[in-house]
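[1] structure here, sequence nowhere to be found:
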């Protein structure tokens, strides 16, 4: 299984730390939220590396929270390891002595399969749910408010992007390209499995990213 690497280098000359982030965009569902996936906070002159493989996936339930700054964050409440082509179901979890309120849980749907490049989630609970998928230990894409008696399918044919931010960034935070200082798509082709991203400010209002393989 190929392991992929992204090397970050901060050569901006800025006094403050910058947050370098790898995030994912997928074709389906069409209105999904990409969230901060792999993050490195770098001071000027610092370097860092993030990496991943295509061998670990999971489904997730979460609570979406809108902060005062209008930045949305998904706080994961449950995860379960999955394989591509599987189907999962969100159901109501009944009250108990330990659980005083009815909640939702996600379980594998037996005897049903999705396409080989997808993970399908069916919400058979009585209320909407925030659900998503993750790879390599961290959630990467969510669908907000999947309605009761609705189905969504996450097509795991991802595009990889790098964004650079000067604001606080945490895992699960919705990526907003309008507040990124710069962003660039990464394409691994052929035998290439290493991308090098260098941020170097030419002027205060411009932050081009140098990308090489």
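    Right, received. Where do you want to start? Computed from a prediction, not measured in an experiment: that's the story for all the values here.
[2] helix or strand for the residue nearest in space to the middle of the chain, which one?
    Nearest to the geometric centre of the chain sits residue 140, at 1.5 Å (CA atoms, centre = their mean). Per DSSP states H and E, residue 140 falls inside strand 138-146.
[3] same check, this time on residue 112
    strand 103-113.
[4] look at residue 126 and tell me its secondary structure.
    For residue 126, the assignment made with DSSP: H, G, I helix; E, B strand; the rest coil gives coil.
[5] mind listing what's buried along whichever helix or strand comes after the strand holding residue 140?
    Counting by DSSP H and E, the next helix or strand C-terminal to strand 138-146 is strand 150-155. Neighbour counts over strand 150-155 (16 or more other CB atoms under 10 Å) mark 152, 153, 154, 155 as buried. Glycine gets a C-beta too; all of them are placed from N, C-alpha and C.
[6] swap in stretch 57-65?
    Buried, per 16+ other CB under 10 Å, within stretch 57-65: 57, 58, 59, 60, 61, 62, 64.
[7] quick check, nearest of these to residue 116?
    Nearest to residue 116 among those: residue 57, at 12.7 Å, using CB to CB.
[8] make CSV from the buried residues of strand 150-155 and add distance to residue 184 and pLDDT to it.
    Putting the buried residues of strand 150-155 into CSV (distance: CB to CB, whole Å; pLDDT from 0 to 100) gives the following:
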residue, distance to residue 184, pLDDT
152, 28, 97
153, 28, 97
154, 24, 97
155, 23, 96
